[in-house]
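Student: Next comes the sequence, and after it the predicted model I'd like to discuss.
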Amino acid sequence: MQKRIEVGILGATGMVGQHFVKFLQGHPWFDLKWVGASDRSTKRRYAEATSWRLGGVMPEAVAGLTVEECKPGNVPRLLFSAMDASVATDIERAFANAGHAVVSNSRNHRMELDVPLLVPEVNPDHLKLMLVQRSGRGWKGGIATNPNCSTVVLTMALAPLKPFGITRVLVTTMQAISGAGYPGVASMDINANIIPFISNEEEKMESESQKILGDFAGDHIRYHPMKVSAQCNRVPVVDGHTETISVELSSKPSIDDVLAAFNGFRSVPQERQLPSAPTRPVIYMTDKDRPQPRRDVEREHGMAVFVGRLRPCPVFDFKFLALGHNTVRGAAGAAVLNAELMHSEGLLGS
Ligand SMILES: NC(=O)c1ccc[n+]([C@@H]2O[C@H](COP(=O)([O-])OP(=O)(O)OC[C@H]3O[C@@H](n4cnc5c(N)ncnc54)[C@H](OP(=O)(O)O)[C@@H]3O)[C@@H](O)[C@H]2O)c1
């Protein structure tokens, strides 16, 4: 059996860090050996430094690791980053400069011109930016990012439609409370209620989706010219972001063409059978009242996006519904799949 690659987590004690710990358990390629966090946690055992907030028990192999300072040194070459955004910029850069591949979940570097903002099924070729980044910055390592959780769902649902020429998109989100981290939104605010505001979320969806659906143009990404208008809401759902989407398509396909595009969509992670890739990245559900977060979000290990209710739109061309797991496909699972793609491209070294 091939030797597994040792990996670490920056910000391992936080909510997203815990999702990484859980997602990496039993991974066939990656072996979690190192955890880092702030000086509040360093030099303590992971089990003592961390209030485990996820279902199931803290994995034993990680519980006994000592939490380390987030400084380059004796640290695995591949690092997943789940650090607080207020500190991620400098720390991630320091590791990239020191030769580490930093696969980050934080927003800090996503929109930088030479940093890939990846959804492996949608824009695997954007990984070529890593080489641009290395030569431009003189780094031995590099930084790759995954999008905001609601943007992952939107771009995976739109990717099958890209060949039809996407011109305009309206998206309204119903986002789970787990997306706000811990303790997140106060229970008095979210119970039996909807909060029609998530700070910076609409801006992120509108700009990140143009970058992700854009084309690699030699040394930069040519942004997709589609216009996206997003309205984001927090709803009393634990896991799973649901989005209603209306789309205008320049080639005016039939509804059967669109359905066939959803059903036939496969990409590089499926061709290469990457360990965390869902067999079908976009799953069209035919029941008229699906997908639903409570019933569907855990299917396919949380790594697929579920689509349904495709119908004509009287304003644009078509409207439909999409659902994805915000903490799996929108966070830890997304970053691990990014690292698997990087490994399959030979970008993690030997
Ligand atoms: N929550 C989500 O669902 C979600 C979704 C998508 C993206 N994100 C992004 O993911 C990141 C983490 O979010 P979160 O909700 O997991 O936050 P969190 O629970 O507050 O965790 C933050 C982590 O950063 C560590 N940290 C803080 N200051 C540090 C420093 N100076 N040096 C090293 N580590 C430091 C913390 O360590 P200590 O425990 O020692 O303080 C902790 O491990 C953020 O950038 C966030 O925007 C979150």
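Tutor: Yes, it's here.
Student: quick one, helices of the stretch 251-350 of the chain?
Tutor: Under the criterion DSSP state H, counting those that start in this stretch, the stretch 251-350 of the chain contains helices at 255-264, 268-271, 293-296, 333-344.
Student: pLDDT averaged over the third one, what's the number?
Tutor: pLDDT averaged over helix 293-296 equals 98, rounded to a whole number.
Student: Figure out how far that helix is from the centre of its chain.
Tutor: 19 Å (C-alpha atoms, centre = their mean, to the nearest Å).
Student: Kindly report the same for the second one.
Tutor: In terms of C-alpha atoms, centre = their mean, the centre of helix 268-271 is found 17 Å from the chain centre.
Student: Give me the contacts around that helix.
Tutor: For helix 268-271, the surrounding residues in contact (C-beta atoms under 8 Å, 6 or more residues apart in numbering) are 120-121, 124, 276-281, 337, 340-341. C-beta coordinates here come from the backbone N, C-alpha and C atoms, glycine included.
Student: Restricted to buried residues, select these in ChimeraX.
Tutor: Of those, the buried ones go into a single ChimeraX selection, burial set by 16 or more other C-beta atoms under 10 Å:
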select :120,121,124,276,277,278,280,281,337,340,341
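Student: could you check the distance from the residue in the chain positioned nearest to the ligand over to Ala217?
Tutor: Nearest residue of the chain to the ligand (C-beta to the nearest ligand atom) works out as Gly14 at 1.9 Å. Gly14 is 36 Å from Ala217, where distance means C-beta to C-beta, to the nearest Å.
Student: More neighbours: which of those two?
Tutor: Gly14 (21 against 9; other C-beta atoms under 10 Å).
Student: before we move on, back to that, mind putting the contacts of helix 268-271 in CSV, distance to Arg53 and pLDDT included?
Tutor: Below are the contacts of helix 268-271 laid out as CSV (distance: C-beta to C-beta, whole Å; pLDDT from 0 to 100):
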residue, distance to Arg53, pLDDT
Pro120, 27, 98
Glu121, 29, 98
Pro124, 32, 98
Ser276, 22, 98
Ala277, 27, 98
Pro278, 25, 98
Thr279, 30, 97
Arg280, 31, 98
Pro281, 28, 98
Leu337, 23, 98
Glu340, 26, 98
Leu341, 29, 98
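Student: filter the contacts of helix 268-271 down to the ones near the ligand?
Tutor: Among the contacts of helix 268-271, proximity to the ligand is found for none (C-beta under 6 Å from any ligand atom).
Student: Spell out which parts of the stretch 251-350 of the chain neighbour the ligand.
Tutor: Near the ligand, when you scan the stretch 251-350 of the chain using C-beta under 6 Å from any ligand atom, you find 327, 331.
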